[in-house]
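Asker: Got a predicted structure here, sequence first:
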Amino acid sequence: MPGQLLPLRLLNSSVSATSFSTMKLGANFQSSRGISVFNRVFPFKLKYLGFPRNFAVPVLQHEESGVRSFSTGSFRPRSSSTSSVGRNSEFSRGRGVERENFKAGSFGSRGAKEKSLIEDEDELSDWVSELKTDSFRLGLNKESDDSDMDRGSKRDRDTGRSRDSFSSSKSQRGGRDDSFSRRGRDDFSFSNSRSSRGGRDDSFSSKRGRDDFSGSNSRSSRGGRDDSFSSNRGRDEFSVSKSRSSRGGTGSYSSSRGTSNSMSRGSNSMSNFGSKRRFSESSSEDEGLTPRRREYGSRGAVSSPTTRSGRNSSLSNGRSRGGGILQKGAKPSGRQPLLVSDDEDDDEDDEDDEDSISGFEDLLNDEDSEDSGEDSEESSDEDNLKGLGSLSGLAKGNAAQTIPKVSSGDTGSYLSETRFDQCSISPLSLKGIKDAGYERMTIVQEATLPVILKGKDVLAKARTGTGKTVAFLLPAIEAIVKSPSIDRDQKRPPINVLVICPTRELASQAAAEANTLLKYHPSIGVQVVIGGVRLAMEQKRLQANPCQILIATPGRLRDHTENTAGFATRLTGVKVLVLDEADHLLDMGFRKDIEKIIASVPKQRQTLLFSATVPEEVRQICHIALKRDHEYINTVEEGSQETHSQVRQTHLVAPLDKHFPLLYALLKDHIADDVDYKVLVFCTTAMVTRLVASLLSELNLNVREIHSRKPQSYRTRVSDEFRKSKGLILVTSDVSARGVDYPDVTLVIQVGLPSDREQYIHRLGRTGRKGKEGQGILLLAPWEEFFLSSLRDLPLSKASVPSVDPDTKKKVERALFQVEMKNKEAAYQAWLGFYNSNKTVARDKCKLVELANEFSRSMGLDNPPALPKLVLGKMGLKNVPGLRSK
Ligand SMILES: Nc1ncnc2c1ncn2[C@@H]1O[C@H](COP(=O)(O)OP(=O)(O)OP(=O)(O)O)[C@@H](O)[C@H]1O
């Protein structure tokens, strides 16, 4: 067998068929179903399947430690294959993809009403109407963070409760100390049930509460080992990369592009949300899944010449990948999103003024419970799904040709060598893609497209800024194209594709991308429902315009489900459900919403989950959305970093009282170095964001601020400005952490603790997009240094603390003096709340207060601001020495 170039395939149909013959991609997939069969028969049974001739061998290997992987060389002629044996077996092609299986679990529903915010409706509508697709897509940011928070929070806000919670969820998870809240924090909260998500900063006060968070850590996933085969397609540079060997003792070879297939097992714990409905295939089986994963190589990682070291075995066929930069042409799109509204999260924001910090009790409210209600008729669209599956033609027929190559260049390249026209994409979609300036697929698109076109459920992980949006939209559009055309006179035409995004910005951005792709599909309509706009207005639009694709935030979707006549029925036409930023949507803050959404669409559907981070916790619960035989496609090879290699990451540790002068010095240096600077400064909470923005403005830097306390219209304007500008600094809370697609960000500075590892990665991901270079600096106080342990696998180096000259110090002191007292007071409270939610920092309340007072002094205050007794009580800080109450 070894060395044999036969068309082989694993018994597990999903695994190989898809990835190999079809596209010849280097991605890994796993299907649960396949796996079970696979397992039953024998972990590594193979069967012929028609691989290209050069298919380099399948080797299997045995699994140790629960991970099984196999790899195959690329199916390209030029690939050289080498087999090896090791402890890991995998087929890899360079990019790495993993798959796992899960079982479905049960879930419950929840409820909670949200209110729609309409304050900014006019402005928002104006903006939308002026929006061109181009600008849309270039300009809208997905505020993931917001998202995050929003995601978690939006609803809460809508609902009038807040989520600024601090309590950390992680604590629940047992885990890490580094967390306080998960991501969120534009607020924070006091620990309560929601706490698990993190909180918002500033306040307890706001009724809306939360920008929440979620998040989880996932390093766990990495421990496994795989035996793998990988092929290098490419060039030397990539040759063989070892996969996890470095970490855990197991090695694998992967090609530069790497895909390594690895299978791992585990058990999924099912959580029962007490809900009413059981999810698709869920059943008793659901519990205790056995996720397995296969990776097909990885791309980034290192490359060392092919060989097999030790315990790895791999085949390499040397494909390289390129470091290319996207060529982006104009992407004129003839369409515009039909609607843009707020995110649920944002909604709150909209209403809230930056200054409004009140009603903190609301923050503590729990989610309302509502019934998802509405029908959850589940019409099955198997026919359509079949149609979808038939699209996967990528391969057949052209097996010989489509060898995906990675463009040459650095390992940070996100482009593959596979062109869109090498796939079974409809001619009209191809025209739209061409007009958008896309020629070659990105790695994640190359890895996922054939699998999705085949109709499989997919959980995909790919680095930030690598084109995940197109990766799920394009096949979703193709599913519609292949579907039987609907009766135009139908009163309530079905919605075929439902995309859920955690924030309104993300939803709008996805809609813009969809409209670009749909330029030549005039009969397919996209609509966005995201709050911030009167429900009635959206209802009219939904009725009057085509809407085969609906992009929504969870809370607003719920609004429609409950209040829009016939809407629930339209949802029964859903064939493809997408969760963007899936790990965040599946985190506690959104989980119940998502469960309800899932309950309202047919069981017989295709589900796609995408994110740059997929913590272990998420993998364990993703069965609530995915079928058992879903594919886990991980384009980030285990053992390689989840961050981009072309982004230089450093951390600075300095006492709190030096942070403001240091921040100023860092910015000045960067501005001096790069006239086209474009910087994002992430702060822990919204109110701290406001403070820092005020300070930098006083220092005459060109600064904008964005956070959840700003009205959405303002946020939209600012983010659009930042997208288009150079020579600008955007100080932001986590509303900008996820998904926002600002081009050419040169530097990301994170001041203070990120809510968790994932948040660090997403924030950093605002730079280095599309293969560009970037820089990231994490500025911590000595007592925050513990957080670095959660990043130890990332290429983060310690930077020496720049000296701050006396003039700079004085300048900063003078500027601080100019900052309004109310901003300092709010920042102090928010800061205290945020760190009070961190179990590590807050372990010693007296110490926490000392630190807060140190922060107060760093703002130039002799005495810390007095806080309302009620607030202190809620924070569990009553009578802690050093605090002043009022
Ligand atoms: N095939 C392609 N060729 C060139 N550019 C592309 C391609 N696909 C997507 N893009 C562009 O790449 C950029 C990043 O895409 P996108 O925002 O979908 O990344 P992402 O992976 O979702 O990032 P994040 O994880 O931060 O959300 C966008 O500007 C998008 O238009």
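Answerer: That came through fine.
Asker: Please parse the protein into its domains.
Answerer: Domain ranges of the chain: 418-634, 643-819, per the TED database.
Asker: shaky segments in the stretch 601-750 of the chain?
Answerer: Counting by pLDDT under 70, the ranges of the stretch 601-750 of the chain that qualify are 638-639.
Asker: Quick one: low-confidence residue ranges for the stretch 451-600 of the chain.
Answerer: The stretch 451-600 of the chain contains residues with pLDDT under 70 at 486-491.
Asker: So which bits of it are right by the ligand?
Answerer: Proximity of the stretch 451-600 of the chain to the ligand (C-beta under 6 Å from any ligand atom) is limited to residues 462, 464-470. For every residue, glycine as well, the C-beta is placed using N, CA and C.
Asker: In stretch 773-791, which of the residues would be classed as buried?
Answerer: Applying a neighbour-count criterion of 16 or more other C-beta atoms under 10 Å, one finds 774-781, 783-784, 786-788, 790-791 buried in stretch 773-791.
Asker: now do stretch 641-652
Answerer: 641-649, 651-652.
Asker: Out of the domains of the chain, which gets nearest to K845?
Answerer: domain 643-819 (14.0 Å; C-beta to C-beta).
Asker: What is the end-to-end distance of that closest one?
Answerer: 36 Å (C-alpha to C-alpha, to the nearest Å).
Asker: just use 26 as the starting number from now, easier for me
Answerer: In the new numbering, first residue 26, that becomes domain 668-844.
Asker: What parts of the chain come near the ligand?
Answerer: 162, 167, 351, 353, 463, 466-467, 470, 487, 489-495, 637, 764, 766, 790, 794-795.
Asker: Buried among those residues? Make that a PyMOL selection.
Answerer: Restricted to buried positions by 16+ other C-beta under 10 Å, the PyMOL selection for these reads:
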select buried, resi 162+167+351+463+466+467+470+487+489+490+491+492+493+494+495+637+764+766+790+794+795
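Asker: Which of the residues of the chain next to the ligand fall in strands?
Answerer: Members of the residues of the chain next to the ligand lying in strands (criterion: DSSP state E): 466-467.
Asker: Just the residues of the chain next to the ligand: which are in helices?
Answerer: 162, 470, 493-495 (DSSP state H).
Asker: Which pair in these has the greatest spatial separation?
Answerer: Among those, R162 and Q470 lie farthest apart (C-beta to C-beta), at 15.9 Å.
Asker: which one of the domains of the chain is the most hemmed in?
Answerer: domain 443-659 (a mean of 25; mean count of other C-beta atoms under 10 Å).
Asker: next one: phi and psi at whichever residue of the stretch 526-675 of the chain sits closest to the ligand?
Answerer: Per C-beta to the nearest ligand atom, the residue of the stretch 526-675 of the chain with the smallest distance to the ligand is A637, at 4.0 Å. Per-residue torsions, A637: phi -80, psi -20 (degrees, to the nearest 10).
Asker: Nearest spatial neighbour of it, chain-adjacent residues omitted?
Answerer: T489 (4.6 Å; C-beta to C-beta, 6 or more residues apart in numbering).
Asker: Over to L821?
Answerer: That would be Q674: by C-beta to C-beta, 6+ apart, it lies 4.5 Å from L821.
Asker: follow-up on the earlier one: turn the ones in helices among the residues of the chain next to the ligand into a markdown table, columns for distance to E838.
Answerer: Shown next, in a markdown table, are those (distance: C-beta to C-beta, whole Å):
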| residue | distance to E838 |
| --- | --- |
| R162 | 43 |
| Q470 | 51 |
| K493 | 45 |
| T494 | 45 |
| V495 | 49 |
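Asker: how far away is G591 from E810?
Answerer: Separation of G591 from E810 (C-beta to C-beta, to the nearest Å): 56 Å.
Asker: Quick check: the two most widely separated of the buried residues of stretch 798-816?
Answerer: Every pair of those checked by C-beta to C-beta; the farthest is G799 and W808, at 28.0 Å.
Asker: Can you give me the distance of the spatially closest residue to V599 that is not a sequence neighbour to E875?
Answerer: Excluding the flanking residues, the one nearest V599 by C-beta to C-beta, 6+ apart is V626, at 4.1 Å. For V626, the distance to E875 equals 51 Å [C-beta to C-beta].
Asker: All set, thanks.
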